[in-house]
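**Student:** dropping a prediction and its sequence here:
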Amino acid sequence: MKFRPLHDRVVIERIDAEAKTAGGIIIPDTAQEKPQQGKVIAVGPGGRDERGKLIPIDVKVGNRILFGKWSGTEVKIDDVEYLIMKESDIMGVLAMAEVKNETRKKAA
């Protein structure tokens, strides 16, 4: 099933946090917090201003982003859990993650 968000909404897949600390201690699932990082899966066309002019969304499919702990609405599509949230709930794009991924692709 394909899902296309409307207006200024974004579909995000959470990126799981590390289950091990820097010291090597394994954190059980029950003690872990929900990750606040995600990968953009789909974006809507954008919002509209008072005059009806389309305002495009800044994030793109594939961006790694940061969002608030309680942001978005959790949905399950084809047994995969996603978050749907407005663009304004996104705190920022992780630029370093994109650079590292591009460097790895070029090296391979």
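**Tutor:** Perfect, thanks for sending it.

**Student:** quick one, phi/psi of S88?
**Tutor:** For S88, the backbone dihedrals are phi -70, psi -20 (criterion: degrees, to the nearest 10).

**Student:** can you pull out the strands in this protein?
**Tutor:** Applying DSSP state E to the chain gives strands spanning 9-14, 37-43, 47-48, 54-55, 64-67, 73-77, 80-86, 90-93.

**Student:** which parts of stretch 54-72 are buried?
**Tutor:** Residues of stretch 54-72 classed as buried under the neighbour-count rule (16 or more other CB atoms under 10 Å) are I57, V59, N63, R64, I65, F67, S71, G72. Backbone N, C-alpha and C define where each C-beta goes, glycine included.

**Student:** list the contacts for the third one?
**Tutor:** Meaning N63. K39, V40, V93, L94, E98 (CB atoms under 8 Å, 6 or more residues apart in numbering).

**Student:** how about the buried residues of stretch 54-72 in TSV, adding distance to R4 and pLDDT?
**Tutor:** As requested, those are exported to TSV (distance: CB to CB, whole Å; pLDDT from 0 to 100):
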residue	distance to R4	pLDDT
I57	13	87
V59	15	89
N63	17	91
R64	21	91
I65	19	90
F67	20	88
S71	20	84
G72	17	85
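
**Student:** can I get those in JSON lines with distance to K2?
**Tutor:** Compiled in JSON lines, the buried residues of stretch 54-72 are given as follows (distance: CB to CB, whole Å):
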{"residue": "I57", "distance to K2": "18"}
{"residue": "V59", "distance to K2": "19"}
{"residue": "N63", "distance to K2": "19"}
{"residue": "R64", "distance to K2": "22"}
{"residue": "I65", "distance to K2": "21"}
{"residue": "F67", "distance to K2": "23"}
{"residue": "S71", "distance to K2": "23"}
{"residue": "G72", "distance to K2": "19"}
